[in-house]
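>>> the following block contains a protein sequence and its predicted model.
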2 protein chains.
Amino acid sequence: MENQKLGRQTFQPGSPPVIIGHGSAAGNKERTGPLSGCFDHTSADDAFGCKTYEQAESAMQGLALDAALKRAGLHTCDLDFLLAGDLLNQCIGSGYAARAADVPFFGLYGACSTMGESLALAALLLSGGYGAYAAAVTSSHFCSAERQYRTPLEYGSQRTPTAQWTATAAGAVIVTNEPRPGPRVMRVTVGRVKDKGITDANNMGAAMAPAAYETLKAHFEDTGLSPADYDLIATGDLGKLGHEIVTDLFDRDGVKLPNYTDCGLILFDRDAQDVHAGASGCGCSASVLCGHLLPGLLAGRWKKILFCPTGALHSPTATMQGESIPGVCHALALEA
Amino acid sequence: MENQKLGRQTFQPGSPPVIIGHGSAAGNKERTGPLSGCFDHTSADDAFGCKTYEQAESAMQGLALDAALKRAGLHTCDLDFLLAGDLLNQCIGSGYAARAADVPFFGLYGACSTMGESLALAALLLSGGYGAYAAAVTSSHFCSAERQYRTPLEYGSQRTPTAQWTATAAGAVIVTNEPRPGPRVMRVTVGRVKDKGITDANNMGAAMAPAAYETLKAHFEDTGLSPADYDLIATGDLGKLGHEIVTDLFDRDGVKLPNYTDCGLILFDRDAQDVHAGASGCGCSASVLCGHLLPGLLAGRWKKILFCPTGALHSPTATMQGESIPGVCHALALEA
């Protein structure tokens, strides 16, 4: 079967690429949360032994990539290319990790949707006949993100009820176009940028929910599938409020989402861990994918997952200038 | 012929995608430089009628994309996807432009190499059988970049001799996999991240030159071609010093680069326009490609160009932390 486009924005590989390795690294809060024991590397020290949190984030990408390569039975020199991104200004976490990996590199910026964007591009490039092995890597770090997006941690700012807790975590996935066993990337719905006018940088869930709704709707329209065709639909990091908004928007269309969750609701125990609306950050969907969803597919817990990382394409400068926050969401259909 | 990988890091489409539209927008300094008259849109007001320079940068992306679509005889709704990036924190220039375009969007961060990265991914995805039309868009703005990377303009800082002037410009390219007339993307060499330890944020040329050298060397090794096989080799924005370093590195290998220039040496008149080592910024290689190189291919001035945008993957945070500056360069072989 040939690669093809379905409907307006969905791409379907003729021979679905296979995920042959996944790896994750996570910080202390993640290590002590509900997914305790699910990650390949964790550290009680969020600096991961580094001098700066930015270096720590880069180190997490390296650890996640190493774990994923090990599972795949590969080395960095086997990779045809690496796709990576993060939340840091100018994506330095990925840049420094790519410097260490020394493989052909595509840097991405999709905010917290980057795990979806990187995995989508890896799958499409490989199934397009370019190379045999690719890595998709994504990270975020609570300390570097707070300093950059909001206020330095030392300020001890009060967090709003809609605030989410940026995950200190990284995930890495190795994809191949060779016919090997493993979860397959069946379809990719590439998101359009949606903005409903939210200007509150402490309400990412509401800013990103419209993009998640639009991409999910497009995915079902393009493919003729329905929510019930998936055992699990997991958006990226909408948290409690964003999850409610997406559920409500589909409800207004008369569509039920029976198996719908959000990675931002999985990573932390919202009540016990004081994370308000849930988890966020590139590392949220990346670590939940690599620590929870892919192992679940491999163990037969689910057969079909629609993985939909979401991103808020804003910056502190834009927020200070009063700009609203655009969102984007990419959907990937993964099958055991 | 099938899509294939050549050597270590070069990808060759079986049916080379065709560039059917290009568009550019540029500010006042660019409008009054050597490429005066080459751009589709220019403005004597670098704010482009907007309230902020960030909005102005986003507006330039929109103008460049409109001009490119017009040349291609297309509308935004015809695009299967848009690949875009810029230098702003969290790439907001591209995010806001993508919001306006409302097409499936891949956000990229490759610093000043982004015109190469976006065009490479567009060509590889289309030739891989995904969609018919894609846009690659890139921008930079002197005022937003100085504020962000160095000091606010109001400080009136003295610039060092190695400093380059960030271009206020945007470029957009429309690519198709349909057999139409126009310049073709024959080969793509995806760059690896190289870092020789430069820590001076005012010396981008020296930081990026090793990446340009490595990518060019890989391109010639992977393809079996030599520099003389191209009528023009144009790196992205190395400026005078970086251009000299690349020339010197090849000279040490006993390889002459007879037709080698740099977009950073083309955009401005270095002496008359007081730009020290030359031009830089994502918009530099983007506007030189769309205002000078592609029109030259179409007019028969050149038949084969190796276009090699270069990027410095640093951030002000990294620089303040004493990190060295990694560079990346992607090479695209374009043929009339």
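Looks like it came in fine.

>>> could you measure from the closest residue to chain B within chain A over to A:Thr215?
In chain A, the residue that lies nearest chain B is A:Gly128 (1.8 Å; CB to the nearest CB). Using the backbone N, CA and C atoms, a C-beta is placed for each residue, glycine as well. A:Gly128 sits 22 Å away from A:Thr215, going by CB to CB, to the nearest Å.

>>> what's the answer for A:Pro179, then?
Separation of A:Pro179 from A:Thr215 (CB to CB): 29 Å.

>>> so how far is A:Thr151 from the residue of chain A closest to chain B?
Computed as CB to CB, the A:Gly128 to A:Thr151 distance reads 44 Å.

>>> with A:Cys112 instead?
In this view, A:Cys112 and A:Thr151 are 19 Å apart by CB to CB.

>>> please apply the same query to A:Ala218.
Per CB to CB, A:Ala218 is found 36 Å from A:Thr151.

>>> now do A:Ala47
A:Ala47 sits 20 Å away from A:Thr151, taking CB to CB as the criterion.

>>> okay, these two: which has more neighbours?
Using other CB atoms under 10 Å in any protein chain shown as the criterion, A:Ala47 and A:Thr151 rank with A:Ala47 on top: 15 against 12.

>>> the more buried one - that's part of a strand, no?
No - secondary structure of A:Ala47 (DSSP: H, G, I helix; E, B strand; the rest coil): coil, not part of a strand.

>>> per-residue confidence at the closest residue to it other than its chain neighbours?
Counting by CB to CB, 6 or more residues apart in numbering or on different chains, A:Ala47 lies nearest to A:Ala56, which is 5.0 Å off, once chain neighbours are set aside. We have a pLDDT of 97 for A:Ala56.

>>> on that earlier part again, looks like the residue of chain A closest to chain B contacts B:Leu125 (just checking).
Yes - in this structure, A:Gly128 is within contact of B:Leu125 by CB atoms under 8 Å, at 6.5 Å.

>>> tell me which parts of the stretch 201-336 of chain A are close to chain B?
Contact residues (CB under 8 Å from any CB of the partner chain) of the stretch 201-336 of chain A with chain B: A:313-318, A:321, A:323, A:326, A:328.

>>> related to what we said a few turns ago, so A:Pro179 and A:Thr215 - more neighbours on which side?
Neighbour count, other CB under 10 Å: between A:Pro179 and A:Thr215, A:Thr215 has more, with 30 against 8.

>>> what comes up buried for the helix or strand where the more buried one lies?
Element membership of A:Thr215 [criterion: DSSP states H and E] is helix A:204-223. By 16 or more other CB atoms under 10 Å in any protein chain shown, the buried positions in helix A:204-223 come out as A:204-216, A:218-220, A:222-223.

>>> surely A:Thr199 touches A:Gln321?
No - at 10.0 Å, A:Thr199 does not count as touching A:Gln321 under the criterion of CB under 8 Å.

>>> returning to what we had before: filter the residues of the stretch 201-336 of chain A next to chain B to the buried ones?
Among those, those classed as buried by 16+ other CB under 10 Å are A:313-318, A:323, A:326, A:328.

>>> restricted to strands, list the residues you listed.
Among these, the residues falling in strands (DSSP state E) are A:Val328.

>>> as CSV, the buried ones among the residues of the stretch 201-336 of chain A next to chain B with distance to A:Glu244 and pLDDT would be great.
Below are these laid out as CSV (distance: CB to CB, whole Å; pLDDT from 0 to 100):
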residue, distance to A:Glu244, pLDDT
A:Leu313, 22, 96
A:His314, 21, 93
A:Ser315, 26, 93
A:Pro316, 27, 91
A:Thr317, 30, 91
A:Ala318, 25, 92
A:Glu323, 25, 95
A:Pro326, 20, 97
A:Val328, 20, 98
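
>>> tell me the one of the buried ones among the residues of the stretch 201-336 of chain A next to chain B nearest B:Arg31?
Closest approach between those and B:Arg31, by CB to CB: A:Thr317, at 25.8 Å.

>>> which ones are touching the closest one?
With contact taken as CB atoms under 8 Å, 6 or more residues apart in numbering or on different chains, A:Thr317 is in contact with B:54, B:88-89, B:92, B:148.

>>> which ones among those map onto helices?
Members of these lying in helices (criterion: DSSP state H): B:54, B:92, B:148.

>>> OK, contacts around the last one?
B:Gln148 makes contacts with A:317, B:87-89, B:316, as judged by CB under 8 Å, 6+ apart.

>>> which of the residues in stretch A:299-313 are buried?
A:302, A:304-313.

>>> whoops, stretch A:224-232 was the one
A:225, A:227, A:230-232.

>>> those into a markdown table, with extra columns for secondary structure?
Shown next, in a markdown table, are these (three-state DSSP):
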| residue | secondary structure |
| --- | --- |
| A:Leu225 | coil |
| A:Pro227 | helix |
| A:Tyr230 | coil |
| A:Asp231 | coil |
| A:Leu232 | strand |
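
>>> how about those residues in JSON lines, adding pLDDT and distance to A:Thr42?
Below are these laid out as JSON lines (pLDDT from 0 to 100; distance: CB to CB, whole Å):
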{"residue": "A:Leu225", "pLDDT": "98", "distance to A:Thr42": "36"}
{"residue": "A:Pro227", "pLDDT": "98", "distance to A:Thr42": "33"}
{"residue": "A:Tyr230", "pLDDT": "98", "distance to A:Thr42": "30"}
{"residue": "A:Asp231", "pLDDT": "98", "distance to A:Thr42": "28"}
{"residue": "A:Leu232", "pLDDT": "98", "distance to A:Thr42": "24"}
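
>>> with respect to B:Ala25, which of the residues you listed is nearest?
A:Leu225 (41.0 Å).

>>> show the contacting residues for that closest one.
Listed by CB under 8 Å, 6+ apart, the contact set of A:Leu225 reads A:His219.

>>> name the nearest residue to A:His75, ignoring sequence neighbours.
The spatial neighbour of A:His75 that comes closest, neighbours along the chain excluded (CB to CB, 6+ apart), is A:Leu69 at 6.3 Å.

>>> run a quick neighbour tally on that neighbour.
Applying other CB under 10 Å, we find 22 residues neighbouring A:Leu69.

>>> mind giving me the packing neighbours of the strand or helix carrying it?
A:Leu69 belongs to helix A:53-72 when assigned by DSSP H and E. Counting contacts by 3 or more CB pairs under 8 Å, 6 or more residues apart in numbering or on different chains; DSSP states H and E, helix A:53-72 packs against strand A:18-26, strand A:41-42, strand A:81-86, helix A:92-101, strand A:133-140, helix A:142-149, strand A:169-176.

>>> and that helix, which residues are buried?
By neighbour count on 16+ other CB under 10 Å, the buried set for helix A:53-72 is A:53-69, A:71-72.

>>> with stretch A:287-302 instead?
A:287-294, A:296-297, A:302.

>>> possible to save these as TSV with secondary structure?
What follows is those, written out as TSV (three-state DSSP):
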residue	secondary structure
A:Ser287	helix
A:Val288	helix
A:Leu289	helix
A:Cys290	helix
A:Gly291	helix
A:His292	helix
A:Leu293	helix
A:Leu294	helix
A:Gly296	helix
A:Leu297	helix
A:Trp302	coil
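
>>> what is the nearest of the contacts of B:Gln148 to B:Leu108?
Nearest to B:Leu108 out of those is B:Leu87 (CB to CB; 11.6 Å).

>>> right, and that closest one touches B:Gly281 too?
Yes - using CB under 8 Å, B:Leu87 makes contact with B:Gly281 at a distance of 6.4 Å.
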